[in-house]
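Novice: Pasted the sequence and its predicted model underneath.
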Amino acid sequence: MALYYVEEVLNYGGFFAGDTVTLIAVPFGKEEPKLDLVIDEYVFDNLTDRHKIVPGMVLDLEIENEQKVTAARIVAAKAREALREAVESSAPADREYRIFAYRCPACNFWVRGEPEQTAPDTCRCRVCGATFQV
């Protein structure tokens, strides 16, 4: 799986009002290539409602054949409120967090869960990889 930044949401529902979200995304930290993706709501493992996906979010996506998304997870958002509304708060057993989200001072994203602890007073952002003091 790889991180993608949502640049634009084109529509919710797809053709014949399906349970999809169509968006334009780019690999995180890059400007190209832009991908036009149609994502089925059921492939998300932590989404409350597809209508909560907004520009400025970071998604962890598994993509087959450069177009079909087979697995998705919301990882971060520019606004904490957008992340809180979109993410299902009950985490799977392998991803239990003590906190809902942290704000990375380097990338300025609210990231779901806890940062990676690298030393007693130092953490690493799970999105951009920057280290910061706690």
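Specialist: Cool, the structure landed. Residues are numbered from 1 along each chain as shown.

Novice: where along the protein do the strands fall?
Specialist: 2-12, 20-27, 35-40, 57-64, 68-77, 101-103, 110-112, 116-119, 122-124, 131-133 (DSSP state E).

Novice: Let me know which of those strands is tucked in deepest.
Specialist: Among those, the stretch with the highest mean neighbour count (mean count of other C-beta atoms under 10 Å) is strand 110-112, at a mean of 23. Glycine gets a C-beta too; all of them are placed from N, C-alpha and C.

Novice: residues in contact with that one?
Specialist: With C-beta atoms under 8 Å, 6 or more residues apart in numbering as the test, strand 110-112 has contacts from 46, 74-80, 83, 87, 97, 100-104, 125-127.

Novice: picking up where we left off before, between the strands of the chain, which one is closest to residue 50.
Specialist: Proximity of those to residue 50 was assessed by C-beta to C-beta; the nearest stretch is strand 20-27, lying at 4.5 Å.

Novice: Let me know the angle separating the closest one from strand 35-40.
Specialist: 140 degrees (axes from the mean of the first three to the mean of the last three C-alpha atoms, to 10 degrees).

Novice: how far out from the middle of the chain is strand 20-27?
Specialist: 11 Å (C-alpha atoms, centre = their mean, to the nearest Å).

Novice: Which strands or helices does it pack on?
Specialist: Strand 20-27 makes packing contacts with strand 2-12, strand 35-40 when contacts are defined by 3 or more C-beta pairs under 8 Å, 6 or more residues apart in numbering; DSSP states H and E.
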